[in-house]
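J.: when you get a sec, could you give me coordinates for this:
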Amino acid sequence: MPNHAEELIRRPEEAIYRTIYAPVDLQEMLSSAETRSRIRRLPPVQLFFGLKELSDEEVAQLAPHISQEQWRAVIDLDIWSRDRANTRQLINLQRHILLNEDSVASKLVGAPDPELWELTFAMLTKIHPKIEGEVEGEPKEGDYFETPDNEYLIVLPRNPELARLLRAIVIRLYQLDAKWTRIRLESARFRTPSELTESAYEKRTRRVEEMGFQDYYEAVEIYGPILEAESLPMKGKSKEQVSTLPAPAHMPESGALLLMETLAYLSRSRDISPLLEELFFVCNKILTADRTSPGEPRLVRKGIRKTLTGINLGLDLWSEGNFERAVTGVQELYLQSLFRLGYTRLVELRGKASEAVARHEPGAGSPEAAFLKGLLRKYPIQSWQREPGARLHWRFFSTAEEVRRAEKRLE
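T.: Model prediction:
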């Protein structure tokens, strides 16, 4: 996160994106011995983004300079959606073992959990063992081949490109470690896909949490509205956690989000790294709950904006627009709780919009229809058309005043 307060205020989502999520230029880092030595120190998220820009030949160049843990993190971020693993995407990533020497290829092979290899074989192939030279079971029609040790006959998928790649990968695995490969194939025959998926998912969940990402089923809790009798949990306070500067009575007239004005103000008197790490945690929780891939920059930026405006709305509601109280709130309340407070208010607004539609449904294409369309979304937004039939414009609610104006329009 940048320490430039002005950038934090004026372009907060871009500042957060560039520092946490934006890809590094791996092509440039590969250009000299000095920069290549830094690759192993890259955070997994930045490495993951940067890989998207490389050709197969460049990934082959990169592979010797990354650690097995980094490659495992790339796999963790890339192939999972909720608790489902995309085995074709795993094969797409692991095709790079075909272009690297044995030591590097072995490192890449060892990055996925063994269960992921077994799941891939179970999902994409049919494995028939050979007993005394005879194939057990009746192979289905289609392309197939015998493993180099003549122990198995593997029926390949109908997709010719995928079949070619799988054949090459299995042969390469045998070259690297025939015993290990036989164990994976044998396990794929007897363990069910659901069992393999569950085991791999549990391991992956622990690792991504260490990277600041959350399990999907835990992340969706951020959209749980706050009950009327529920109070916001307080952080444990220390003298260092409270600003020593006297806060002004009113927020500066910059038009920036109250949240970012508060963080910029606090940065003048203390290290706000813990607050920025907390903000990063909430951003990742929103991205996970919304099933946004870290590899989609446009959607990542949208998720960051939703996080910032949602927290800002909650902070504005809690502080009643008072800057001094907002400074206290950011230090003493969890940012996640402030987001939930803001979302709770939006859920109430959505309920009022539903009642308005029940009373009188506006004509299709009218300004009122465009307005209500945004309010009725799962995460309510402000939406409007500049003229009937024109493109729908939208933005997230970020202040209590915007919510009040929307409520007044519903009356």
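
J.: C-alpha from now on. contacts and neighbour counts both.
T.: OK.

J.: would you mark the buried spots in stretch 397-411?
T.: Within stretch 397-411, the residues that count as buried by 16 or more other CA atoms under 10 Å are F397, S398, T399, A400, V403, A406, L410.

J.: from memory the fifth one sits against F397, does it?
T.: Which is V403. Yes: at 6.9 Å, V403 counts as touching F397 under the criterion of CA atoms under 8 Å.

J.: pull the longest helix from this protein.
T.: Identified as the longest helix of the chain according to DSSP state H is helix 335-359.

J.: can you give the contact residues for it?
T.: For helix 335-359, contacts defined as CA atoms under 8 Å, 6 or more residues apart in numbering pick out 222-226, 232-233, 278-279, 282, 307, 310-315, 317-318, 372, 375-377, 379-380, 403, 407, 410-411.

J.: what about those, which are in helices?
T.: 278-279, 282, 307, 310-315, 317-318, 372, 375, 403, 407, 410.

J.: now these: which count as buried?
T.: Buried members of the ones in helices among the contacts of helix 335-359, counted by 16+ other CA under 10 Å: 278-279, 282, 307, 310-315, 317-318, 372, 375, 403, 410.

J.: closest to D149 among those residues?
T.: V282 (50.6 Å; CA to CA).

J.: what about the residue lying closest to that closest one once chain neighbours are set aside, neighbour count?
T.: Leaving aside its sequence neighbours, V282 sits nearest to Q336 (CA to CA, 6 or more residues apart in numbering; 6.0 Å). Residues contacting Q336 under the criterion other CA atoms under 10 Å number 23.

J.: quick one: pLDDT of Q336?
T.: Note for Q336: predicted pLDDT of 93.

J.: ok, it to F371 distance?
T.: Q336 sits 28 Å away from F371, going by CA to CA, to the nearest Å.

J.: and what of R82?
T.: Distance from R82 to F371, by CA to CA: 32 Å.

J.: more neighbours: these two, which one.
T.: F371 (23 against 14).

J.: that one: what's it in contact with?
T.: F371 sits next to Q382, S383, W384 when contact means CA under 8 Å, 6+ apart.

J.: rewinding a little: and the two most separated of the buried residues of stretch 397-411?
T.: S398 and L410 (18.4 Å).

J.: so L156 touches D143, yeah?
T.: Yes: L156 lies in contact with D143 (CA under 8 Å); the separation is 5.5 Å.

J.: list residues touching both of the two?
T.: By CA under 8 Å, 6+ apart, the residues touching both L156 and D143 are A163.

J.: which of the two has more residues huddled nearby?
T.: Using other CA under 10 Å as the criterion, L156 and D143 rank with L156 on top: 24 against 15.

J.: any idea which helix or strand in this structure has the lowest mean pLDDT?
T.: Every helix and strand of the chain was ranked by mean pLDDT, DSSP states H and E. The lowest is helix 5-10, at a mean of 65.

J.: and the helix or strand just after that helix, how far out from the chain middle?
T.: Following helix 5-10 in sequence order, the next helix or strand is helix 12-16 (DSSP states H and E). Mean-position distance between helix 12-16 and its chain equals 16 Å (CA atoms, centre = their mean, to the nearest Å).

J.: go through the helix or strand that helix 12-16 is followed by and flag the buried ones.
T.: Sequence-wise, the next helix or strand downstream of helix 12-16 (DSSP H and E) is helix 26-29. Of all the residues in helix 26-29, those buried under the rule 16+ other CA under 10 Å are L26, Q27, M29.

J.: over to stretch 84-100?
T.: A85, N86, T87, L90, I91, L93, Q94, R95, H96, I97, L98, N100.

J.: pLDDT on it, on average?
T.: Averaged over stretch 84-100, pLDDT sits at 95.

J.: again with stretch 182-189
T.: 97.

J.: change the start of the numbering to 23 and stick with it
T.: Let's use 23 as the start, then, which means that last one is stretch 204-211.

J.: just how off-centre is it within its chain?
T.: Using CA atoms, centre = their mean, the offset of stretch 204-211 from its chain centre is 32 Å.

J.: ok, T169 to E377 distance?
T.: 65 Å.

J.: neighbour count winner among those two?
T.: The neighbour comparison of T169 against E377 (other CA under 10 Å) goes to T169, with 17 against 13.

J.: could you find the closest non-adjacent residue to the more buried one?
T.: Using CA to CA, 6+ apart, the closest residue to T169 is L175 (6.4 Å).

J.: can you pull the contacts of that neighbour?
T.: L175 is in contact with I149, H150, P151, K152, V157, Y166, F167, E168, T169, counting by CA under 8 Å, 6+ apart.

J.: which residues in the stretch 173-322 of the chain form strands?
T.: Listed in chain order, the strands of the stretch 173-322 of the chain (DSSP state E, counting those that start in this stretch) span 174-177.

J.: can you list the low-confidence ranges for it?
T.: 234, 251, 258-277, 316-317 (pLDDT under 70).

J.: now with 80, please.
T.: 231-239, 250-252, 258-277, 292-293, 295, 315-318 (pLDDT under 80).

J.: what about the helices in it?
T.: Here the stretch 173-322 of the chain has its helices, by DSSP state H, counting those that start in this stretch, at 182-198, 200-212, 215-232, 238-241, 280-288, 295-311, 319-341.

J.: in CSV, list those along with distance to M145.
T.: Converted to CSV, the helices of the stretch 173-322 of the chain look like this (distance: least, CA to CA, whole Å):
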stretch, distance to M145
helix 182-198, 12
helix 200-212, 9
helix 215-232, 7
helix 238-241, 23
helix 280-288, 47
helix 295-311, 25
helix 319-341, 30
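
J.: tell me how many other residues surround the residue lying closest to R94 once chain neighbours are set aside.
T.: Spatial nearest neighbour of R94, chain neighbours left out: A133 (4.6 Å); criterion: CA to CA, 6+ apart. By the other CA under 10 Å criterion, the neighbourhood of A133 contains 20 residues.

J.: what of the one 10 residues further on?
T.: One way to gauge burial is a neighbour count; for F143, by other CA under 10 Å, it gives 24.

J.: what does Q92 give?
T.: Neighbourhood size, Q92 [other CA under 10 Å]: 21.

J.: and the host helix or strand of it, how far out from the chain middle?
T.: Using DSSP H and E, Q92 falls within helix 90-100. For helix 90-100, the separation from the chain centroid amounts to 13 Å (computed by CA atoms, centre = their mean).
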